[in-house]
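K.L.:
could you look at this predicted model? Sequence included:
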Amino acid sequence: MTRTRQAVIAELGIAMQSYQRSNAEFDDEVGRLLDVNPTDLRCLDWLIGGRMSAGELSRATGLSSAATTSMIDRLERKGFVRRIREADDRRQVLVEMTEDGSARVWRLYGPLVEEGARLFERFTRAELETMLDLIKKMQTLAVEHREALRDIVPTNPVSGGADGT
């Protein structure tokens with residue numbers, strides 16, 4: 001029996017949700033092994049792309065300036081990052097991953113990245129371009145909806161943690 005287009009779209013939605021959960025669970029295990037919390041791990045993820053200012057990290061992670069400073073301090077104490085002065089403006093401080101920090105992160109993510117890259121071998125360039133376009137549009141959509149959520153004031157705030165305690 002042939003599945004309908006709607007059935008395939010529904011199955012894709014379920015598969016993407018499952019994929020997101022498995023990534024979150026993988027990240028949880030990486031965080032446990034690196035002894036960093038989820039926000040600190042997200043910071044390391046941003047820094048894989050290169051140096052960033054504390055302000056850029058604050059915007060990327062959604063943390064306040066004070067919380068971002070605390071996060072950088074924690075990661076610096078653990079040897080993952082270092083602060084460096086911008087060559088053109090010595091007042092500007094940038095944060096970058098250390099070689100050791102990069103190596104520790106890559107040791108855990110590298111095998112997944114390398115094996116995952118092999119999954120693309122069976123696809124044509126045109127199919128890869130279609131996938132790339134879809135993923136970029138999905139990411140843009142998620143950002144737009146996240147921004148819309150930031151404008152909503154909670155109607156029933158809880159006074160504890162995420163579990164309401």
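P.N.:
Happy to help now that I have it.

K.L.:
what helix or strand does the most centrally placed residue in the chain sit in?
P.N.:
Centroid-nearest residue in the chain: residue 42, 4.8 Å away (criterion: CA atoms, centre = their mean). Using DSSP states H and E, the element containing residue 42 is helix 38-47.

K.L.:
starting at the chain centroid, how far to that helix?
P.N.:
Here helix 38-47 is found 7 Å from its chain centre; the criterion is CA atoms, centre = their mean, to the nearest Å.

K.L.:
over to stretch 15-22?
P.N.:
15 Å.

K.L.:
before we move on, what about stretch 34-47?
P.N.:
The answer for stretch 34-47 is 8 Å, by CA atoms, centre = their mean.

K.L.:
quick one: average pLDDT of it?
P.N.:
Mean pLDDT, computed over stretch 34-47, is 96.

K.L.:
can I get that stretch in CSV, CA atoms only?
P.N.:
Extracted as CSV, the C-alpha positions of stretch 34-47 are listed here (Å, rounded to 0.1, in the frame of the first residue of the first chain):
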residue,chain,number,x,y,z
LEU,A,34,32.9,17.0,29.8
ASP,A,35,31.4,18.0,33.2
VAL,A,36,29.6,21.1,31.7
ASN,A,37,26.0,22.1,31.9
PRO,A,38,23.8,22.4,28.8
THR,A,39,24.2,26.2,28.4
ASP,A,40,28.0,25.9,28.7
LEU,A,41,28.0,23.1,26.1
ARG,A,42,25.9,25.4,23.8
CYS,A,43,28.6,28.1,24.3
LEU,A,44,31.3,25.6,23.2
ASP,A,45,29.2,24.8,20.2
TRP,A,46,29.1,28.5,19.2
LEU,A,47,32.8,28.8,19.7
